[in-house]
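# Turn this into a model:
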Amino acid sequence: MSPIVYHMIGGAPDPVAPFSHAVEADGWVFLTGQMPFTATSNTSPYPETIEEQTHQVFKNLNTVLEGCGLGLADVVAVRVFLLHFNDDYARMNAVYATYFPQGRRPARTCIGVSGLARGARIELDMIARRGPGTSNG
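The predicted structure follows:
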């Protein structure tokens with residue numbers, strides 16, 4: 001068993017609570033949920049629409065993945081949290097589907113919630129697996 005590695009990634013949004021951007025154990029990398037912050041400050045504004053917020057969350061998660069030496073192809077599971085589930089589900093899915101090729105999509109859970117940090121409409125977290133030849137950032 002390898003030691004647990006706690007990743008804080010430069011260029012990723014500042015945490016809104018006491019957490020690491022990602023934690024790695026034995027090749028599994030658990031990414032903390034990201035909000036749609038448009039800059040590294042966790043007081044930066046969110047885009048307005050669910051489509052724009054979904055793209056921004058993916059941008060922020062990609063920053064964390066890349067900081068760990070990984071990419072979307074290494075993602076094995078995703079959890080999506082939606083504030084306005086009925087209004088945003090289909091529109092979020094249309095954007096989400098552009099990030100993973102058909103036939104190679106991660107396992108996923110999508111949950112409607114009663115609130116998200118700083119009034120976001122969406123939050124996503126991910127689990128990735130380090131393959132042979134990928135470094136730990």
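
# rest of the way, CA atoms for contacts and neighbours
Will do.

# Strands along the chain, start to end?
Remark: strands assigned in the chain by DSSP state E are 5-7, 22-25, 28-34, 75-82, 107-112, 122-129.

# Tell me which of the ones you listed lies nearest to residue 46.
strand 122-129 (10.3 Å; C-alpha to C-alpha).

# Can you list the strands that the closest one pairs with?
Here strand 122-129 is paired, per DSSP bridges, with strand 28-34 (antiparallel), strand 75-82 (antiparallel).

# Relative to the whole chain's centre, how far out is that strand?
In terms of C-alpha atoms, centre = their mean, to the nearest Å, the centre of strand 122-129 is set 4 Å apart from its chain centre.

# Leaving out chain neighbours, which residue sits closest to residue 111?
Spatial nearest neighbour of residue 111, excluding adjacent residues (C-alpha to C-alpha, 6 or more residues apart in numbering): residue 81 at 4.9 Å.

# what's the burial count for the one you found?
23 (other C-alpha atoms under 10 Å).

# Repeat that for residue 108.
Neighbours of residue 108 using other C-alpha under 10 Å come to 12.

# State which helix of the chain is the longest.
helix 50-67 (DSSP state H).

# picking that back up, wait, the residue nearest to residue 111 sits on residue 122?
Yes: using C-alpha atoms under 8 Å, residue 81 makes contact with residue 122 at a distance of 5.6 Å.

# Low-confidence bits of this protein, can you list those?
133-137 (pLDDT under 70).

# can you count the residues close to residue 41?
14.

# Can you redo the strands paired with strand 122-129 as JSON lines, where the extra columns are distance to residue 93?
What follows is these, written out as JSON lines (distance: least, C-alpha to C-alpha, whole Å):
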{"stretch": "strand 28-34", "distance to residue 93": "17"}
{"stretch": "strand 75-82", "distance to residue 93": "10"}
